[in-house]
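Trainee: sequence first, predicted model second:
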Amino acid sequence: MRDYLATLMERGEVLVVEREVDPAHELAAVTQAVQKTSNKTLLFKNVAGTDLAVLTNIYGSRERLAEILGIAPGEFCQRWSQLMSQGGDAAGPLKQSVATPDDLVDCLLSDLPLITYCADDAGPYFTSALFLARDPETGVPNTSFHRSQYISDNELRARLAPTHHLTIYHELAEAKGEYLEAAMLIGPPPEVFLAAAAPVPYEDDELEVAARLAGKPLAMRPCKHIDLEVPASTEVVIEGRFLPNERRPEGPFGEFMGYTIPVGDNAVFEVLGVTRRPDAVFHSILSGSSEEVLTLELSVAAKVYERVSNVLPGIVDVACLPFVFHTVVKIKQQYEGHARKVLLAVIGSEPTWAKMVTVVDEDVDIYDLNDVMWAQLTRSRPDKDVIIIPDTPTFYRDPHKDHWGRICTDATKPFDRRDEFERKRIKEAEDIDLADYLE
């Protein structure tokens, strides 16, 4: 992560805050203000109560994520599909064990930046940490994001979503009355961060997926307190274990949808030790910001692209904009009714997030919501091209059914009149260099 940070610093794409900043609310307020203006990466060098610098918004743009992967911003779905079908570029062993670095520093949780983000949050939270754990039955490791509330130097309380692999691991372990060992990774290699957010099948090793993304083996070091290996270059590692059959109050917390989630009984993580690099950079994510939501959007888009492409032709690309609940699919029309089949296929392939689905032609920029809306407003009839599916659940945590129901829009050209809907163009526009005309 620090290598990519250095690249951004050299290009002048990092805003550096030298003055002291309070981790309780002030840091989050500055982060939000930057994301609303420039969306640049932000580095706080002087955070009260800790010696560590705090880095945020490093993964907050599609362009930066694409650069890490060495692809164009609109190629994520295709690259992910290729990775999962062909096994990626790395040859030979995908993980390489190395010795524990001599300069690792032991510390307490309270030595780390304890950041309180939203006005109604119960207290400090760790928002960027990836939990690394192994399936108790198969030994396959998994990485996933889960918010964790700071209680003390020895205890965190983590929100484990019901469908996540870590939740399944925890339940398998506690069914036997056993602890589940896990490591929290703060500031792992970028490829590990991306693999944790991506739609990796249950039986696959996400660390090997990260190595495929990087195109080289992933260096792993042993933990000090638990029987796990972690990516060696990770900035901060929190080692511990989930207590079996124990749930304690966690929250409230300002979540990704923009609302405060009330107190609920959630998993208890016993902290056994914390290690960090001597000059560690602490990665923080403002919940609901582009740095959090974008990775979720990419994950859902890649999953939809792969699943729908397996059953229907002509799928060009998928995006989730302006929020993860809206899936936009770009297609090359093959026959009349093609778009409607795609709409239904998306609903079938993504039961949780596809609350709204829009299908457009290949001449539409699906990463520009104005262009998507243009297609809706000029190519679809509300009384004919919109399908409403009532009383159908979507988001899994929805006791009041606020997210029930689906709306699907065919915003493609009428198949038998496609020539009438060709976009106008200005001749030679692609060849104009404004430097030849403006001084």
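Mentor: Everything's here; your move.

Trainee: mean pLDDT per helix and strand in the chain: which one sits at the bottom?
Mentor: The helix or strand of the chain with the lowest confidence, counting by mean pLDDT, DSSP states H and E, is helix 76-86 at a mean of 75.

Trainee: which elements pack onto that helix?
Mentor: In terms of contacts (3 or more CB pairs under 8 Å, 6 or more residues apart in numbering; DSSP states H and E), helix 76-86 is packed against helix 62-69, helix 206-214, helix 290-309, strand 315-320. For every residue, glycine as well, the C-beta is placed using N, CA and C.

Trainee: now it against strand 315-320, angle please.
Mentor: On the basis of axes from the mean of the first three to the mean of the last three CA atoms, to 10 degrees, helix 76-86 is oriented at 120 degrees to strand 315-320.

Trainee: can you give me the buried ones in the helix or strand following helix 76-86?
Mentor: Next helix or strand after helix 76-86 toward the C-terminus (DSSP states H and E): strand 95-97. By neighbour count with 16 or more other CB atoms under 10 Å, strand 95-97 contains the buried residues residue 95.

Trainee: go on, stretch 110-126?
Mentor: So, applying 16+ other CB under 10 Å, buried residues of stretch 110-126: 111-118, 121-122, 124-126.

Trainee: make CSV from these and add distance to residue 394 and pLDDT to it.
Mentor: Below are these laid out as CSV (distance: CB to CB, whole Å; pLDDT from 0 to 100):
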residue, distance to residue 394, pLDDT
111, 41, 97
112, 36, 98
113, 35, 97
114, 35, 98
115, 31, 97
116, 31, 97
117, 26, 96
118, 24, 95
121, 26, 95
122, 27, 96
124, 31, 97
125, 26, 97
126, 28, 97
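
Trainee: between the residues you listed, which sits nearest residue 83?
Mentor: When the buried residues of stretch 110-126 are compared for distance to residue 83 (CB to CB), residue 126 wins out at 28.6 Å.

Trainee: leaving out the residues flanking it, which one is nearest to residue 80?
Mentor: residue 302 (4.1 Å; CB to CB, 6 or more residues apart in numbering).

Trainee: surely that neighbour meets residue 77?
Mentor: Yes - counting by CB atoms under 8 Å, residue 77 is a contact partner of residue 302 at 5.1 Å.

Trainee: measure stretch 83-100 end to end?
Mentor: Stretch 83-100 stretches 30 Å from its first residue to its last (CA to CA, to the nearest Å).

Trainee: try stretch 226-241
Mentor: The straight-line separation of the ends of stretch 226-241 (CA to CA) is 8 Å.

Trainee: mean confidence for it?
Mentor: The pLDDT scores in stretch 226-241 average 97.

Trainee: give me phi/psi at residue 277?
Mentor: Main-chain dihedrals, residue 277, degrees, to the nearest 10: phi -70, psi 150.

Trainee: nearest spatial neighbour of it, skipping sequence neighbours?
Mentor: residue 235 (5.6 Å).

Trainee: what is in contact with residue 302 and residue 77 at once?
Mentor: With contacts taken as CB atoms under 8 Å, 6 or more residues apart in numbering, residue 302 and residue 77 have residue 318 as neighbours in common.

Trainee: okay, now the nearest residue to residue 208 once chain neighbours are set aside: neighbour count?
Mentor: The shortest distance from residue 208 to any non-neighbouring residue, by CB to CB, 6+ apart, is to residue 94 (4.2 Å). When neighbours are counted by other CB atoms under 10 Å, residue 94 registers 19.

Trainee: next one: residue 396
Mentor: Around residue 396 there are 12 residues (other CB under 10 Å).

Trainee: what pLDDT does it get?
Mentor: The pLDDT attached to residue 396 in the predicted structure is 78.

Trainee: and for the one 5 residues further on?
Mentor: Reading off the per-residue confidence, residue 401 sits at a pLDDT of 90.

Trainee: distance check, the residue lying closest to it once chain neighbours are set aside against residue 204.
Mentor: The shortest distance from residue 401 to any non-neighbouring residue, by CB to CB, 6+ apart, is to residue 393 (7.3 Å). As defined by CB to CB, to the nearest Å, residue 393 lies at a distance of 27 Å from residue 204.

Trainee: got the domain ranges for this structure?
Mentor: Using automatic domain parsing, the domains assigned to the chain come out as 2-290, 311-421.

Trainee: would a markdown table of those with distance to residue 296 be doable?
Mentor: Supplementary listing: the domains of the chain in a markdown table, determined by distance: least, CB to CB, whole Å:
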| stretch | distance to residue 296 |
| --- | --- |
| domain 2-290 | 7 |
| domain 311-421 | 5 |
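
Trainee: to residue 431, which of those domains lies closest?
Mentor: domain 311-421 (19.4 Å).

Trainee: what residues does stretch 7-14 touch?
Mentor: 5, 40-43, 58, 64.

Trainee: could you rerun that using 10 Å?
Mentor: 2, 5-6, 16, 38, 40-43, 55, 57-58, 61, 64, 67-68 (CB atoms under 10 Å, 6 or more residues apart in numbering).

Trainee: please identify the buried residues of it?
Mentor: 8, 14.

Trainee: send me that stretch as PDB with only the CA atoms.
Mentor: Output in PDB follows, covering the C-alpha atoms of stretch 7-14 (Å, rounded to 0.1, in the frame of the first residue of the first chain):
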ATOM      1  CA  THR A   7       3.500   6.900  -6.400                       C
ATOM      2  CA  LEU A   8       0.600   9.200  -5.700                       C
ATOM      3  CA  MET A   9       2.800  11.500  -3.600                       C
ATOM      4  CA  GLU A  10       5.300  11.800  -6.400                       C
ATOM      5  CA  ARG A  11       2.500  12.900  -8.800                       C
ATOM      6  CA  GLY A  12       1.100  15.500  -6.300                       C
ATOM      7  CA  GLU A  13      -2.100  13.600  -5.900                       C
ATOM      8  CA  VAL A  14      -2.100  13.400  -2.100                       C
END
